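> Need a 3D model of the following:
(one chain, ligands or ions: 1)
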Amino acid sequence: MAEPLRHPPGTFDVLPGESAAWEDLLALFARVAAAAGYGLVITPTFEDIRVFQRIGESTDVVRKEMYDFVDKGGRHIALRPEVTASVARAFIEHRPPLPWKAWYAGSNFRFERPQAGRFREFHQVGVEAFGSADPDLDVEVVTVGWDFFRALGVTALEVQVNSLGDAKCRPAYRELLLAYLRDRRDELCVDHRARLEENPLRVLDCKKPECRAVTAGAPRQADHLCDECGAHFERVLGGLRQAGVVHQLQPFLVRGLDYYTRTAFEYAGLALGSAQDALGGGGRYDGLVAAMGGPDTPAVGLALGVERALLALEAEGASAKDRRRLDAFVVDLTGGEAARDLSTSLRREGFRVDRAFDSRSAKAQFKAADRSGARLALVVGPDETEAGTVGVKDLTAGGEQVSVPRSGLAAHLRAVLG
Ligand code: HAM
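Just a heads-up that it's a prediction; the model follows:
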């Protein structure tokens, strides 16, 4: 027999019930982003592969992890590994007035080795702000993420922040770092021994103990910033303090993507193991838009991992419960018309209503009503039909069934449901 069909490795299904936590998370992010003036942007899940190549030819995301293919029209396509480059492409294409502030939610694809908290299709929510180099915008972006996590219920949280300098001061730092690492090349991990010259900053991001031991004593970008970058970073740190965002200077935070300038940050979920504790990250990318062929435009943004955020909630014992989602469940003892007509009209009046199908027995329908999580059962039997009433029974508090005239049912439900 053929293998049963299953979801591909590194992907998953989220079923109703479990997905309530996703709905809450997405609604909360939309609210927090809108409160700061960000509007929803929707871009394609796949793009011309060149859109993503600017993320960094030396990053694993571009070198090894992209899902790319030639489509039937002969175009070289990639499923998006992240959203920032797509939003930058949309910005360049449509040239909206500045500042342009957008938020998004959606899937990303990276061919990584699946493990806890690491998937091949994963979901992000994020914001991107184009058109201002003001450090207070960096603070706004970091604070949006911080406030979102706090409102979600993630409390064991810390922001790690660094400055990566800019085109003026980074080249000198790069040389300094390269000289330091060249002297210790033999002590680095095999991979970085070979790729040192290509991008020495990547070594700072290496989690292997060999590289960690070498980089512990490496020169730090934050100590070699030009005056402008230094002042920018000071203002960001002051703003984070002012906003009550718990943060820590992480001198070797370089992030896994190459487009960052100046501010780079990550949200660390302290209740999670180190392999999956990055709940999100972001930073300034003042050079990306120009590198993609657009006008010179400063920008800053963040993306948060939805799966990671939910894992953090779970690790803190605060995972969202499946709230009672239905207002009422219709139990029809007349053969089905009442269930059909009453549920339709109540839904149109704004109530969340479900019902049973297939002319089930009264007992089976009450059982289904209980299982549905509905607050109320609405019972329609021959007597109710005759009298033009509906029996209303509270499924959570117990108590007697009360008879309510059909004409006054909506008002009654509103009063009971609050
Ligand atoms: P990133 O650090 O690559 O940044 O991803 C952001 C977050 O997405 C990570 O911190 C993590 O929570 C989640 N994530 C990444 N890869 C996976 C995976 N394989 N499985 C599960 N979760 C994952 C970016 O994507 C940038 N676009 C952020 C940004 C926005 N920078 C500026 N604007």
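
> got the contact list for the residue of the chain found nearest the ligand?
Going by Cβ to the nearest ligand atom, the ligand is nearest to Gly305 of the chain, at 2.3 Å. Quick note: C-beta positions are derived from backbone N, CA and C, even for glycine. By Cβ atoms under 8 Å, 6 or more residues apart in numbering, the residues touching Gly305 are Gly117, Phe122, His123, Gln124, Ala278, Leu279, Gly280.

> Checking Phe29 next. Helix, strand or coil?
At Phe29 the chain is in helix, as set by DSSP: H, G, I helix; E, B strand; the rest coil.

> Near it, how many other residues are there?
Counted with other Cβ atoms under 10 Å, the neighbours of Phe29 add up to 26.

> Surely it is in contact with Phe148?
Yes - contact criterion Cβ atoms under 8 Å: Phe29 and Phe148 qualify, at 5.6 Å.

> what residues does the stretch 151-300 of the chain put near the ligand?
Residues of the stretch 151-300 of the chain that fall close to the ligand, judged by Cβ under 6 Å from any ligand atom: Gly256, Leu257, Ala278, Leu279, Gly280, Gly281, Gly282, Gly283, Tyr285.

> got a pLDDT number for the third one?
Note on Ala278: pLDDT of 95.

> got a list of what it touches?
With contact set as Cβ under 8 Å, 6+ apart, Ala278 has these partners: Glu266, Tyr267, Ala268, Gly269, Gly305, Arg308.

> now that we have those residues, which one has the most neighbours?
Tyr267 (28 neighbours).

> just so I have it, where are all the strands in the stretch 101-250 of the chain?
121-130, 157-163, 247-249 (DSSP state E, counting those that start in this stretch).

> hmm, who's touching the second one?
With Cβ under 8 Å, 6+ apart as the test, strand 157-163 has contacts from 142, 145-146, 149-150, 221-222, 225, 229-230, 232-233, 236-237, 240, 245-254, 262-270, 279, 312.

> Show the contacting residues for Arg202.
So Arg202 contacts Ser58, Thr59, His192, Arg195, Val254 (Cβ under 8 Å, 6+ apart).

> out of those residues, who has the most neighbours?
The most neighbours of any of the contacts of Arg202, using other Cβ under 10 Å, belong to His192, which has 23 neighbours.

> residue boundaries of the helices in the stretch 1-150 of the chain?
19-35, 50-53, 60-63, 84-94, 135-152 (DSSP state H, counting those that start in this stretch).

> In the longest one, which of the residues would be classed as buried?
To tie it back to what came earlier, the one meant is helix 135-152. Judged by neighbour count (16 or more other Cβ atoms under 10 Å), helix 135-152 contains these buried residues: 135, 137-149, 152.

> same thing with the third one?
When neighbours are counted by 16+ other Cβ under 10 Å, the buried residues of helix 60-63 are found to be Asp60, Val61, Val62.

> Over to the fourth one?
Applying a neighbour-count criterion of 16+ other Cβ under 10 Å, one finds Thr84, Ala85, Ser86, Val87, Ala88, Arg89, Ala90, Phe91, Ile92 buried in helix 84-94.

> restrict those residues to those near the ligand?
Okay, of the buried residues of helix 84-94 touching the ligand (Cβ under 6 Å from any ligand atom), that's Thr84.

> Dump the buried residues of helix 84-94 to JSON lines, plus pLDDT.
JSON lines is the format used below for these (pLDDT from 0 to 100):
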{"residue": "Thr84", "pLDDT": "98"}
{"residue": "Ala85", "pLDDT": "98"}
{"residue": "Ser86", "pLDDT": "98"}
{"residue": "Val87", "pLDDT": "98"}
{"residue": "Ala88", "pLDDT": "98"}
{"residue": "Arg89", "pLDDT": "98"}
{"residue": "Ala90", "pLDDT": "98"}
{"residue": "Phe91", "pLDDT": "98"}
{"residue": "Ile92", "pLDDT": "98"}
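
> Out of the buried residues of helix 84-94, the closest to Ala356 would be?
Ser86 (44.4 Å; Cβ to Cβ).

> for the closest one, what are its contacts?
Neighbour list for Ser86: Thr43, Pro44, Glu47, Val51, Arg80 [criterion: Cβ under 8 Å, 6+ apart].

> Save the residues you listed as TSV, and put in neighbour count and pLDDT too.
Shown next, in TSV, are the contacts of Ser86 (neighbours: other Cβ atoms under 10 Å; pLDDT from 0 to 100):
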residue	neighbour count	pLDDT
Thr43	20	98
Pro44	14	98
Glu47	18	98
Val51	21	97
Arg80	23	98
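
> Bridging across strands, which residues link to Asp354?
Beta-bridge partners for Asp354, by DSSP bridges, are Phe329.

> can you tell me how far it sits from Asp13?
22 Å (Cβ to Cβ, to the nearest Å).

> Now do the closest residue to Ala213 other than its chain neighbours against Leu253, distance only.
Of all residues not flanking Ala213 in the chain, Glu187 sits nearest, at 6.9 Å (Cβ to Cβ, 6 or more residues apart in numbering). Distance, Glu187 to Leu253, using Cβ to Cβ: 22 Å.

> just checking, Leu98 touches Ala133?
No - applying Cβ under 8 Å as the test, Leu98 and Ala133 come out as separate, 11.3 Å apart.

> More neighbours: which of those two?
Comparing Leu98 with Ala133 by other Cβ under 10 Å, the one with more neighbours is Ala133, at 17 against 14.

> Need the per-residue pLDDT for the closest residue to that one other than its chain neighbours.
Spatial nearest neighbour of Ala133, excluding adjacent residues (Cβ to Cβ, 6+ apart): Pro298 at 4.0 Å. In this model, Pro298 is scored at 98, pLDDT.

> what's the answer for the one 4 residues further on, then?
At Leu302, the predicted lDDT confidence score is 98.

> For it, grab phi and psi.
Main-chain torsions, Leu302, degrees, to the nearest 10: phi -150, psi 160.

> Do I have it right that it meets Val142?
Yes - using Cβ under 8 Å, Leu302 makes contact with Val142 at a distance of 7.1 Å.
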